[in-house]
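Q: Okay, here's the prediction I keep looking at, along with the sequence it came from:
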Amino acid sequence: MESIQSLLKSIPHYEALPGYLKALMPSLVSSVVILALVLVLALFLVWLERKVSAHMQDRLGPMYVGGWHGWAQTIADGLKLLLKEDIIPGAADRFLFKTAPILVFIASFASFVVIPFGMSSIVSDLNIGILYVVAVTSLSVVGVIMAGWASNNKYALYGGMRGAAQIVSYEIPAALAIMTIVIQVGSLSMQDIVNAQRGGLHHWFIFRNPFNFVAFFVYFLCSLAEVNRTPFDIPECESELVAGYHTEYTGFRFALFFLAEYANMFVVASIAATLFLGGWTQVLPGVSQIVPGPILFTVNALFLVFLQMWLRWSLPRLRVDQLMYMCWKVMIPFAFVLLLGVGCLSVFWK
Amino acid sequence: MEVEYSGEVMTLNMGPQHPATHGVLRLELKTDGEVVAEAIPHIGYLHRCFEKHAESVEYPGVIPFTDRLDYVAAMNQELGFVLAVEKLMGIQVNSRVRCIRIIMAELNRIASHLLAAGTYGMDMGSFTPFLHCFRDREKILDFFEETCGARLLYNYNWVGGLMFDIPPGLEKKIIEFVDYFEPLVDDLNRLLSYNHIFVKRTADVGILPADRAVFYGVTGPNLRGSGVKFDVRKEEPYLGYEDIDFDVPIGTGEFGPVGSCFDRYIVRIYEVRQSCRIIRQAIAKLTPGDVQEAIPKRVKPPAGEVYMRTECPRGELGYYIVSDGSLKPYRVKVKSPCFCTLSAFREISRGAMISDIVAIVGSIDIVLGEIDR
């Protein structure tokens, strides 16, 4: 935000603008920047997923559009979706039906505000950063339920209900896993968490103590459930519920769900990267920042995204009751033990 | 599984256009939340009057229709009909024809089981095994294309012989394929069959006990999955299967009760291995000869009736043919294995969850073309 402000100040006659515009300008510019980032990222991730899955399955994936390995395929797909007819089922609740995709998209879009791409590449380093992310990403549940309900389709309803049950339950172990780190840092701010891990690989939280190591996997699994990825993709499993909560959506409304899903993948990956894998800090100890932070951070997060894709294309999916069992009877007790362990460590070992 | 019902029942219509119903099966589910109190299959969306058609064309003309019964195992379907007519006419084919028929039928069985295993993986949410299976199935279809020009619906088995002899060098290619393919079965097992999630999803679901399976007339891998050792190739050998050494795998309940979805699935995987064994032996037995020497000038069986059953990939396929001595069959009745299996569906799916319904439908591996005919 500060860098954007100073950038804006360098524009001639900027100071002459009316006060309210001057106050609004930085946030407007940064939201446009994030929006562009989210769109490009989602398009890239869709392409990446298609390539990763293709190579796992002895295929090539998109190869033609745009020339080099079909890089423009998702752009073409996006344009196609824009041109598609927008169908709203006759018996649907029109208002909720239209609002749901926007809400889901906003939820994933808004969490980008506090993602620390680099030392100064963050829109706003809120002092409650991580709490804000947890809160905002849960907002997408509302959109999922709205979409399921408003479509007036039984499959969509099932998808919506499953999504709600799943995402809400997996918030708990995910939040507990996040808490283990927050206890050790003593701050909710994303930048503080990253700064606490400076100084090389062995300072990363994942390698600090065994509790953190397990907490990383707990968080990673829960984040898979939160973004509805295999093996936890039961709200939208195509073999049972056709397409789950977005069965009835077409055209750009569907594209919004799709974009949000891929943006969310990156969000949860970047949270995991920030909390456990050192975020934008340098990998080797004793080396000053040679590689720019944003590049390190992106590589870090993309590695986790790749892990998500890898899992998705090799595992079958769980059944809804097995999923709940895993959450309430395995993950939550585990996360509590971790929290307790980390708490004891930070009290007695300091 | 003991389930408490809340009493509020919602009817969920699954199919005929649904990604998991493998064709045009329609399931009427009475659901209570995620639990299915009753699943009623409705069939007939693919009815093409096969049996009536068969009465209005001459015998050789029926063979292409039989291909379209079970379109993923067409070689086996036409084989059953051809054997029935040959039995009625008392035609003896030479050893080369018999061996080629065995090779083709077993290759077709592998292709069909690969499709079943792959789509079952997809039903369970795992997409990659599906494409791995299709990659290998494609190679088998290439053999068929090389032999008779068609990849799916062959019209290759004729009454008294074959449409063409196999092209020179094909037997070597088939052996190469079997050598390449057998280790890949282990790959599939690692990727899908013994995956923990997959086992959890299938091992306790859709239990069909042996006595109920026999009661419903279930045959084929579904019956063997329930632990009953019955294979027409062993019980009533045809084509010289009696001289070939192979095992009949049965479900053993590795991870749960016998007769679960997992058992039905894994029996198919075992059978693929046995088919590879059979192919090797049949190729070793291949002798030179004329594959068309026994083809009659006119297929005109004497008046009478015949029942011939063969083991097709989905179970025991029976053709009952009544002949009045003319060029056209008086009546052709098909005993379809999938139809019998589907009749057990209602019982084994009671009290399952919606996801289990998909698991059960996938595990009984039905082809609607054969059920509806």
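A: Cool, got the structure.
Q: can you give me the helices in the stretch 201-350 of chain A?
A: Ranges of helices within the stretch 201-350 of chain A are A:205-208, A:210-226, A:238-241, A:251-276, A:293-312, A:320-325, A:332-348, based on DSSP state H, counting those that start in this stretch.
Q: Contact partners for the closest residue to A:Ala165 other than its chain neighbours?
A: Spatial nearest neighbour of A:Ala165, excluding adjacent residues (C-beta to C-beta, 6 or more residues apart in numbering or on different chains): A:Met324 at 7.0 Å. Backbone N, C-alpha and C define where each C-beta goes, glycine included. Applying C-beta atoms under 8 Å, 6 or more residues apart in numbering or on different chains to A:Met324 gives the contacts A:165-166, A:169.
Q: Quick check: which element contains B:Val178?
A: helix B:170-188 (DSSP states H and E).
Q: Buried ones in that helix, by neighbour count?
A: Neighbour counts over helix B:170-188 (16 or more other C-beta atoms under 10 Å in any protein chain shown) mark B:170-171, B:174, B:177-178, B:181, B:185, B:188 as buried.
Q: is it true that B:Pro160 touches B:Ile295?
A: Actually, residue B:160 is Gly rather than Pro. Yes. Using C-beta atoms under 8 Å, B:Gly160 makes contact with B:Ile295 at a distance of 4.0 Å.
Q: More neighbours: which of the two?
A: More crowded of B:Gly160 and B:Ile295, by other C-beta atoms under 10 Å in any protein chain shown: B:Gly160, with 22 against 18.
Q: Got the phi and psi for that one?
A: For B:Gly160, the backbone dihedrals (degrees, to the nearest 10) come out as phi 90, psi 0.
Q: I'd like to know how far it sits from B:Ile91.
A: The gap separating B:Gly160 from B:Ile91 is 5 Å, by C-beta to C-beta, to the nearest Å.
Q: for chain B, what are the nearby residues on the stretch 201-350 of chain A?
A: A:230-231, A:233-234, A:237-242, A:313-322 (C-beta under 8 Å from any C-beta of the partner chain).
Q: Residue of the stretch 1-150 of chain A closest to chain B, please.
A: Using C-beta to the nearest C-beta, the closest approach of the stretch 1-150 of chain A to chain B is made by A:Gln57 at 4.0 Å.
Q: Going by secondary structure, B:Tyr307 is in what exactly?
A: Take DSSP H and E as the rule and B:Tyr307 turns out to sit in strand B:304-312.
Q: helix or strand right after that strand?
A: That would be, after strand B:304-312 and using DSSP H and E, strand B:315-323.
Q: thinking again about what came up before, out of the buried residues of helix B:170-188, flag the one nearest to B:Phe262.
A: Among the buried residues of helix B:170-188, B:Leu188 lies closest to B:Phe262 (C-beta to C-beta), at 14.2 Å.
Q: List the contacts of that closest one.
A: The contact partners of B:Leu188, taken as C-beta under 8 Å, 6+ apart, are B:117, B:129, B:132-133, B:269.
Q: 7 Å instead?
A: Applying C-beta atoms under 7 Å, 6 or more residues apart in numbering or on different chains to B:Leu188 gives the contacts B:117, B:129, B:132.
Q: got it, and B:Ile175?
A: Contacts for B:Ile175 (C-beta under 7 Å, 6+ apart) come out as B:280, B:283.
Q: Could you report the separation of it from chain A?
A: The gap separating B:Ile175 from chain A is 23 Å, by C-beta to the nearest C-beta, to the nearest Å.
Q: do you know how far that residue is from A:Ile34?
A: Going from B:Ile175 to A:Ile34 by C-beta to C-beta gives 60 Å.
Q: number of nearby residues for the closest residue to chain B within the stretch 201-350 of chain A?
A: Here the stretch 201-350 of chain A gets closest to chain B at one residue, A:Arg317, 3.0 Å apart by C-beta to the nearest C-beta. By other C-beta under 10 Å, 25 other residues sit near A:Arg317.
Q: again with A:Ile167
A: Applying other C-beta under 10 Å, we find 24 residues neighbouring A:Ile167.
Q: Spatially, what comes nearest to it if we skip its sequence neighbours?
A: A:Val141 (4.7 Å).
Q: so what's the one you found up against?
A: A:Val141 makes contact with A:163-164, A:167-168, according to C-beta under 7 Å, 6+ apart.
Q: How many neighbouring residues does the closest residue to A:Ala175 other than its chain neighbours have?
A: Nearest residue to A:Ala175, sequence neighbours excluded (C-beta to C-beta, 6+ apart): A:Val134, at 5.7 Å. A:Val134 has 18 neighbours, counted by other C-beta under 10 Å.
Q: So A:Val134 lies in a helix, does it not?
A: Yes. With DSSP: H, G, I helix; E, B strand; the rest coil as the criterion, A:Val134 is part of a helix.
Q: Look at it and report its pLDDT.
A: A:Val134 is assigned 87 on the pLDDT scale.
Q: can you pull the pLDDT of residue 83?
A: Since no chain was named, I'll use chain A. Looking at A:Leu83, its pLDDT stands at 89.
Q: oops, I was thinking of chain B
A: At B:Leu83, the pLDDT value in this model is 90.
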